[in-house]
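> show me the folded form of this:
(2 chains)
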Amino acid sequence: MNFESEQEQQWIEAYVNGILDADALGAFEVHLRANSGARERLRRYLRLDAQLRAKAADVSPLIEAWQPKKLVAKPATRWRSTWLPVALAASIAVLATLWLWPQKMNLPSVALSESEETTLQGYAVVRRVLQPEWADGETARRSGDMLAEGKLRLQSGLIQIDFFCGATVVVQGPAELDITSAWGATCVSGRLRAVVPPAARGFRILTAQGEVEDLGTEFALFVQPGASQVQVLEGKVIVHPNKGAAREVLGGDALQLKPEGLQATLTDHSPASAGLSEIRSGDAERESREFAQWEAHSQKLRSDPRLIAYYPMAADDWTDTALHDRSLHADGSEPCDAILLGFANRLPGRFDAKKSALDVKRPDARARVQIPGEFSAFTFSAWVRIDSLSRLYNALFMGDNYNTGEPHWQIREDGKLMLSVMVDDTKEPMKPGDRGFHRLYYSPPFWQESMSGKWLHLASTYDPLRREVAHFLNGVELSREQIPDKFHIATLRIGAAEIGSWGLPFKANDAQFAVRNLNGRMDELAIFNAALTATEIKALHAAGTPTEE
Amino acid sequence: MPPDSDNSDHYETFVALFARHEGNLRAFTRSLLPSWEDVDEVMQRTALALWRKFAQFDLDTVFMKWACVVARFEVLAYRRKMARDRLVFSESIMELLADEAQAEAEVSQAAALGSREQRALDACLEKLPEAKRELVMLAYTPGVQITDIAAKQGRRPNTLYMTLNRIRQDLMHCMEASLKQEEHA
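Numbers count the residues shown, from 1 in each chain, chains lettered A, B, ... in the order given. Have a look, this model is predicted:
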């Protein structure tokens, strides 16, 4: 194996030896993130490490004889064939005892493994950002990002942080904030404004000169080296200087916090930083602007001759019982509107509800289309907001009976995007319960719990000519895979199909159907008779992205 | 559903499956964690979690695939509880590495490649000078610290690390050459 550089070699060797320091680890991570080859080399090196360890554990008796006692492994760390049976026996004993225990025992809480519960890290969430510029090396924070403890260095612009205790803080750059808990942060420098409802009383901001404790409502803070200014806009705060006694400050009053203690009234009265109303109105303006941009893009997209169908779900669709296919159909063919059935619903879509989105999460909800014709390739592109991947398969776009040439576009519960086309429905299924001869093309798992409720752009292409299937998330290619010869099919069809569900599976006279309704919303769907390039997919994503994502 | 502790067939099936895949599973875990002590700890938890959930395991699916999902979960849970001063990959890098390692482990030839590599490693270890072979085996023995070996031998730990780096590099080259030869044979 050859390393890409000496530096890479040093990082990998030091990491495996356990002697990489914190700074180097950071640089190594940056290298790994950007470089899949480096990750592969690290895996290869660690595989050798694992093989050597397995080998050494096997041959260690020889070494025990050869080496002075002190170096010999403690029995507890000798893993092979020692701890497993012991651990298992112990667990079986414990479990067995519990099952036999009389009714008093709270069985469900015991039986439920604590490791099954999903957890995330965070004290606060970024609610809005407005024209932010971040300091060098600082992660760009976006709306919806979870914040655990750590520093935020904003050079300019505004960021609204909702702390989980209930306090809302708007920070105005240039500023440096260090989040310490759900109940407070250290303001190293810069301006902020905090709104603290009764539930969050006791929320604290620490500065170099002292601490500001909010007893309800709103205050502004301007932290500079040497002195910080506290201005109470409404309600009451207690200021605890590092030196001297704490003091209550009431609405309308201002104070200066200095290393030597508190000083009253200021001659150079600094204006309070921007607050919630500024960031909210800035946000609304941005949303209008982005919506207008998207509308222009969407208008243009309608005349793309490669479109099979296009459901922009624009504002005029809110009350219709159909999702209109807005593609131009320049060849004179009929638009393929989707009919909403059962409890199919409309919910607010992207751009702060300026457009609608389709909701078919109930098993009795359907959005059905009938798309005639034969096609030579597919691209599916959709904006979705997934609440959770609660089904084994979560439908995006599904051909009814999955006949020869028909597509299935969906997400598996483990977060893999999947696209398949039936190659030959007359052949024997490859396993019981399945149908015909076909192949599933998966992306690597892309889903993370933290994506829940965020708008994502998903796209997949099926290209019989190049014999490739590709998957994309937010304009970035997740995977590209060859179509093996025996699964090649050139003539594609859609026919009857559903958006976000799969209501009429294999047999016509069977009332049973698989529940694959997408638990979330879809607010734009385009189907092309072509495999779009990675660049085109990237452009589709860029044109439709609300900045909050 | 709780595992049925009376069902010894069930238990034996599990132990057989676990034993067969333990090596690969440890390698998978090692690809995510900074030290063997961490791996040992997480493997214990993973083995228990797998056994607890074994009743839900569908024997028609691939054990290794299922085990990797469980192990990955245990690794992340363990990582969150690790001391803050420990040098460990950030969660996002870990997720990325886990995705790729999982995909790699799922490839049907992974096990076959593993045993071919193991054979190549055996042969290459044989080719090492005896002193080097003994050193590397000692260094990898569970519970042995490099600093202890260095102290015993009166050498600086850094020198020892460098020697180990070179040995690993030699082994890697030797294995690559012998695997390539095998391919052409």
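
> what about the nearest residue to residue A:153 once chain neighbours are set aside, distance to residue A:457?
Nearest non-adjacent residue to residue A:153, counting by C-beta to C-beta, 6 or more residues apart in numbering or on different chains: residue A:135, 3.7 Å away. All C-beta spots, glycine's among them, are computed from the backbone N, C-alpha and C. Separation of residue A:135 from residue A:457 (C-beta to C-beta, to the nearest Å): 29 Å.

> the more surrounded of the two?
Comparing residue A:135 with residue A:457 by other C-beta atoms under 10 Å in any protein chain shown, the one with more neighbours is residue A:457, at 23 against 14.

> now do the strands in chain B.
Here chain B has no strands by DSSP state E.

> quick check: which ranges of chain B have low pLDDT?
For chain B, the stretches flagged by pLDDT under 70 are B:1-8, B:60, B:83-85, B:107-111, B:183-185.

> can you list the domain ranges for it.
B:8-107, B:115-184 (automatic domain parsing).

> and for residue A:42, the neighbour number?
So residue A:42, with other C-beta under 10 Å, has 23 neighbours.

> same check on residue A:261?
Neighbours around residue A:261, by other C-beta under 10 Å: 15.

> mind listing what the residue lying closest to residue A:123 once chain neighbours are set aside touches?
Excluding its sequence neighbours, the residue lying closest to residue A:123 (C-beta to C-beta, 6+ apart) is residue A:182, at 4.2 Å. Shown in contact with residue A:182 (C-beta atoms under 8 Å, 6 or more residues apart in numbering or on different chains): A:123, A:124, A:163, A:164, A:165.

> give me that answer again for 6 Å
A:123, A:163, A:164, A:165 (C-beta atoms under 6 Å, 6 or more residues apart in numbering or on different chains).

> Throw the residues you listed into a markdown table and include neighbour count, thanks.
What follows is the contacts of residue A:182, written out as a markdown table (neighbours: other C-beta atoms under 10 Å in any protein chain shown):
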| residue | neighbour count |
| --- | --- |
| A:123 | 20 |
| A:163 | 23 |
| A:164 | 15 |
| A:165 | 18 |
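
> returning to that earlier point: among the domains of chain B, which comes closest to residue A:409?
domain B:8-107 (20.8 Å; C-beta to C-beta).

> and the closest one, does that touch chain A?
Yes - using C-beta under 6 Å from any C-beta of the partner chain, we find that domain B:8-107 touches chain A at B:23, B:26-27, B:30-31, B:35, B:40, B:44, B:47-48, B:51-52, B:77, B:87, B:93, B:99, B:103.

> so where's the stretch 351-500 of chain A shaky on pLDDT?
Along the stretch 351-500 of chain A, segments meeting pLDDT under 70 span A:431-433.

> close to chain B: what parts of it are there?
By C-beta under 6 Å from any C-beta, the part of the stretch 351-500 of chain A that sits against chain B consists of residue A:444.

> which stretches of the stretch 251-400 of chain A form helices?
Counting by DSSP state H, counting those that start in this stretch, the stretch 251-400 of chain A has helices at residues A:276-301, A:350-353.

> ok, and which of those has the densest surroundings?
Counting by mean count of other C-beta atoms under 10 Å in any protein chain shown, helix A:350-353 has the highest mean neighbour count of the helices of the stretch 251-400 of chain A, with a mean of 19.

> how close does the spatially most central residue of chain B sit to residue B:146?
Among the residues of chain B, the one closest to the centroid is residue B:27, at 2.0 Å (C-alpha atoms, centre = their mean). For residue B:27, the distance to residue B:146 equals 21 Å [C-beta to C-beta].

> just the element for the closest residue to chain B within the stretch 151-300 of chain A, please.
Residue nearest to chain B within the stretch 151-300 of chain A (C-beta to the nearest C-beta): residue A:180, separated by 13.1 Å. In this assignment (DSSP states H and E), residue A:180 forms part of strand A:168-181.

> quick check: longest helix of chain B.
helix B:157-184 (DSSP state H).

> what residues sit buried inside that one?
B:157, B:160-161, B:164-165, B:167-169, B:171-172, B:174-176, B:178 (16 or more other C-beta atoms under 10 Å in any protein chain shown).

> can that helix be said to contact chain A?
Yes - using C-beta under 6 Å from any C-beta, we find that helix B:157-184 touches chain A at B:161, B:165, B:172.

> which residues touch the first one?
It refers to residue B:161. Here residue B:161 is in contact with residue A:17 (criterion: C-beta under 6 Å, 6+ apart).

> do the last one as well
Under the criterion of C-beta under 6 Å, 6+ apart, the neighbours of residue B:172 are residue A:1.

> give me that answer again for 7 Å
The neighbours of residue B:172, taking C-beta atoms under 7 Å, 6 or more residues apart in numbering or on different chains as the test, are A:1, A:48.

> quick one: least confident helix or strand in chain A?
Of the helices and strands making up chain A, the lowest-confidence element is helix A:107-111, at a mean of 29, by mean pLDDT, DSSP states H and E.

> before we move on, back to that, I'd guessed the residue nearest to the centre of chain B sits against residue A:45; true?
No - with contact defined as C-beta atoms under 7 Å, residue B:27 does not reach residue A:45; the gap is 11.6 Å.

> next, count neighbours for residue 146.
Unless you meant another one, I'm taking chain A. For residue A:146, using other C-beta under 10 Å, the count is 14.

> other chain: chain B
Neighbours of residue B:146 under the rule other C-beta under 10 Å: 17.

> next, the residue nearest the centre of chain A: phi, psi?
Residue closest to the mean C-alpha point of chain A, counted by C-alpha atoms, centre = their mean, is residue A:451 at 2.5 Å. Note on residue A:451: backbone dihedrals following degrees, to the nearest 10 are phi -80, psi -10.

> now do residue A:467
phi 60, psi 50.

> nearest residue to it other than its sequence neighbours?
Spatial nearest neighbour of residue A:467, chain neighbours left out: residue A:483 (4.2 Å); criterion: C-beta to C-beta, 6+ apart.

> what count of nearby residues applies to residue B:113?
As a burial measure, residue B:113 scores 13 neighbours (other C-beta under 10 Å).

> also residue A:30?
12.

> cool, and residue A:134?
When neighbours are counted by other C-beta under 10 Å, residue A:134 comes out with 18.

> beta-bridge partners for it, please?
When bridges are called by DSSP bridges, residue A:134 pairs up with residue A:154.

> quick one on the thing from earlier: take the contacts of residue A:182 and write them to CSV, including secondary structure.
Below are the contacts of residue A:182 laid out as CSV (DSSP: H, G, I helix; E, B strand; the rest coil):
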residue, secondary structure
A:123, coil
A:163, strand
A:164, coil
A:165, coil
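
> can I get those residues in a markdown table with pLDDT and distance to residue B:140?
Below are these laid out as a markdown table (pLDDT from 0 to 100; distance: C-beta to C-beta, whole Å):
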| residue | pLDDT | distance to residue B:140 |
| --- | --- | --- |
| A:123 | 86 | 41 |
| A:163 | 92 | 47 |
| A:164 | 88 | 45 |
| A:165 | 86 | 49 |
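
> export these to TSV and tack on distance to residue B:129?
Shown next, in TSV, are these (distance: C-beta to C-beta, whole Å):
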residue	distance to residue B:129
A:123	56
A:163	62
A:164	60
A:165	63
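
> one step back: surely the residue nearest to residue A:467 and residue A:469 touch.
Yes - Residue A:483 is within contact range of residue A:469, at 6.2 Å (criterion: C-beta under 7 Å).

> higher neighbour count, these two?
Comparing residue A:483 with residue A:469 by other C-beta under 10 Å, the one with more neighbours is residue A:469, at 27 against 19.

> where's residue A:457, which helix or strand?
Assigned by DSSP H and E, residue A:457 falls in strand A:455-463.

> ok, that strand: who's next to it in the sheet?
strand A:378-386 (antiparallel), strand A:468-473 (antiparallel).

> distance to residue A:544 added to those strands, as TSV?
Converted to TSV, the strands paired with strand A:455-463 look like this (distance: least, C-beta to C-beta, whole Å):
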stretch	distance to residue A:544
strand A:378-386	6
strand A:468-473	13
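
> nearest to residue A:220 among those would be which one?
Nearest to residue A:220, of the strands paired with strand A:455-463 and by C-beta to C-beta, is strand A:378-386 at 34.8 Å.

> much appreciated, bye for now.
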